[in-house]
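1. let me see the structure of the following:
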Amino acid sequence: MDTQRDCGCQSARERMDILIDRELTEMECADVRAHCTSCESCHEEVALLETLTDRFRSACAEPAPENLRISILNSIKNQNGIVDA
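-> Model (predicted):
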């Protein structure tokens, strides 16, 4: 067996983050997905990681409220000793 393609639980778990970030080759992705299909524990873990990553990406896509943005900018100005004219 090709040890580079071994996809037991340890190997799958080591590559889950890379899978979620879409940085695996097509073959590596297929190996991890195949393992997760047959392993309930890994399937649940990758599903949780996908859900958390999707929610994080969605939350980061929303702009901050205008009053929060202004408050942060004013705080930075105050820390740097900048006074509005």
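
2. give me the low-pLDDT residue ranges for this protein?
-> For the chain, the stretches flagged by pLDDT under 70 are 1-7, 83-85.

3. now the helices for it?
-> Under the criterion DSSP state H, the chain carries helices at the ranges 9-20, 26-38, 40-61, 66-79.

4. what would the ones you listed look like in JSON lines with mean neighbour count?
-> C-beta: built from backbone N, CA, C; applies to glycine. Shown next, in JSON lines, are the helices of the chain (neighbours: other C-beta atoms under 10 Å):
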{"stretch": "helix 9-20", "mean neighbour count": "16"}
{"stretch": "helix 26-38", "mean neighbour count": "15"}
{"stretch": "helix 40-61", "mean neighbour count": "12"}
{"stretch": "helix 66-79", "mean neighbour count": "10"}
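
5. who are the contact partners of the most centrally placed residue in the chain?
-> Nearest to the geometric centre of the chain sits Thr53, at 4.2 Å (C-alpha atoms, centre = their mean). By C-beta atoms under 8 Å, 6 or more residues apart in numbering, the residues touching Thr53 are 20-21.

6. kindly recompute the last result at 10 Å.
-> 17, 20-21 (C-beta atoms under 10 Å, 6 or more residues apart in numbering).

7. again with Ile20
-> With C-beta under 10 Å, 6+ apart, Ile20 has these contacts: 46, 49-50, 52-54.

8. check Arg13 too.
-> With C-beta under 10 Å, 6+ apart, Arg13 has these contacts: 32, 35-36, 41-42, 45-46, 49.

9. so how far is Arg22 from it?
-> 17 Å (C-beta to C-beta, to the nearest Å).

10. do the same with Ala59
-> Ala59 is 19 Å from Arg22, by C-beta to C-beta.

11. likewise Arg57?
-> From Arg57 to Arg22 the distance is 12 Å (C-beta to C-beta).
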